[in-house]
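Trainee: 3D, please:
(one chain, ligands or ions: 1)
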Amino acid sequence: MLEGLMAQVERIVILTGAGISAESGIDTFRSAGGLWEQHRVEDVATPEGFARNPNLVLNFYDMRRAALASVAPNPAHAALARLEREFAGELLLVTQNVDDLHERGGSRSVLHMHGELKSALCSACEMRSPWHVTMIERPPCPVCQAPTLRPDVVWFGEMPYEMGRIYAALENCDLFVSIGTSGAVYPAAGFVAEARANGARTLELNLEPSEGSRLFHETRHGPASALVPQWVEEVLGG
Ligand code: OAD
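Mentor: Reported below is the predicted structural model:
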């Protein structure tokens, strides 16, 4: 078990998924009634779907972006922000989430490997711009003025952001923690094996055993709003 080791760790990589935002009221993807039961992945989360029906895709992300206004961070987000402030070692927080709840929970450094709802990507000049309103009207790119903006969200078949930085951190960390993710989507699902291969201890915090649970040294099951603050307290030696 890891409990006694928590106070000794020096370099932590944390990966979060939709489960950390579930108690804030954002639908996860693969739960019963989740986003991928309500929408077809091929329609709203692939470049081909966007080419076929851009309005459907723009509307899907416009609605998800607008919905952020009615949700708030929960104690799990706040606990990770506390860890960032108080942990004396190195910490890399990687999220697959496109919401902004880590930032609103107080985290200052968050790596959004699947992009962000509050960002726009220009298909023409490839620049990323902060974005807070709708895109369905085809507004011009703030950089090159072309009407070629798309959601800055990584779709299936596209390369996630910052993989070099993430793998470098996984090579050097002594603890890898996966929070609220099903372990169903690569490359994120492979991070635990990568960290273990480099000698890190690994911990899963999830509502239930994920697809990759057996790959972790330790798994704890329950709601993130309870598990994450408890674990952060252990790391900080409280
Ligand atoms: P999933 O919907 O696949 O998995 C969410 C996980 O969170 C499940 O294992 C749940 O058991 C767990 N969970 C639910 N509520 C929880 C709670 N209150 N506390 C703790 N855990 C809870 O979401 P992700 O793993 O994030 O990618 O999905 C990964 C990627 O697949 C997403 O980033 C998205 C999606 O397709 C793209 O769109 C590219």
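
Trainee: how about the residues of the chain by the ligand?
Mentor: With C-beta under 6 Å from any ligand atom as the criterion, the chain meets the ligand at residues 17-19, 22-23, 28-31, 34, 45, 96, 114, 154, 180-182, 184-185, 206-208, 210, 223-224. Backbone N, C-alpha and C define where each C-beta goes, glycine included.

Trainee: in strands, which of the residues you listed appear?
Mentor: N206 (DSSP state E).

Trainee: quick check on the residues of the chain next to the ligand: which are buried?
Mentor: Buried by 16 or more other C-beta atoms under 10 Å: 17-19, 22-23, 28-31, 45, 96, 114, 154, 180-182, 185, 206-207, 210, 223-224, out of these.

Trainee: quick one: which of those sit in helices?
Mentor: 19, 22, 224 (DSSP state H).

Trainee: let me know the closest of those residues to the ligand.
Mentor: Here the nearest of these to the ligand, counting by C-beta to the nearest ligand atom, is G19; it sits at 2.3 Å.

Trainee: A strand includes R220, no?
Mentor: Yes: counting by DSSP: H, G, I helix; E, B strand; the rest coil, R220 is located in a strand.

Trainee: what's the weakest-modelled helix or strand in this structure?
Mentor: helix 35-38 (a mean of 88; mean pLDDT, DSSP states H and E).

Trainee: now do the buried residues in stretch 196-216.
Mentor: 196, 200-207, 210, 212, 215-216.

Trainee: now L175: closest residue in space that isn't a chain neighbour?
Mentor: V9 (4.4 Å; C-beta to C-beta, 6 or more residues apart in numbering).

Trainee: can you list contacts of the biggest helix by length in the chain?
Mentor: Counting by DSSP H, the longest helix found in the chain is helix 54-67. Residues outside helix 54-67 that contact it (C-beta atoms under 8 Å, 6 or more residues apart in numbering): 26, 39, 43-44, 49-50, 98, 117-118, 131-132, 134-136, 150-151, 153.

Trainee: out of the residues you listed, list just those in helices.
Mentor: Using DSSP H, these in helices are 43-44, 49-50.

Trainee: shouldn't L215 be in contact with T202?
Mentor: Yes: contact status for L215 versus T202: in contact at 7.1 Å, counting by C-beta atoms under 8 Å.

Trainee: mind listing the shared neighbours of the two?
Mentor: 192, 196.

Trainee: if we go by neighbour counts, what in the least confident helix or strand of the chain is buried?
Mentor: L35.

Trainee: show residues contacting that helix.
Mentor: 27-30.

Trainee: please report how far C144 lies from C122.
Mentor: The gap separating C144 from C122 is 6 Å, by C-beta to C-beta, to the nearest Å.
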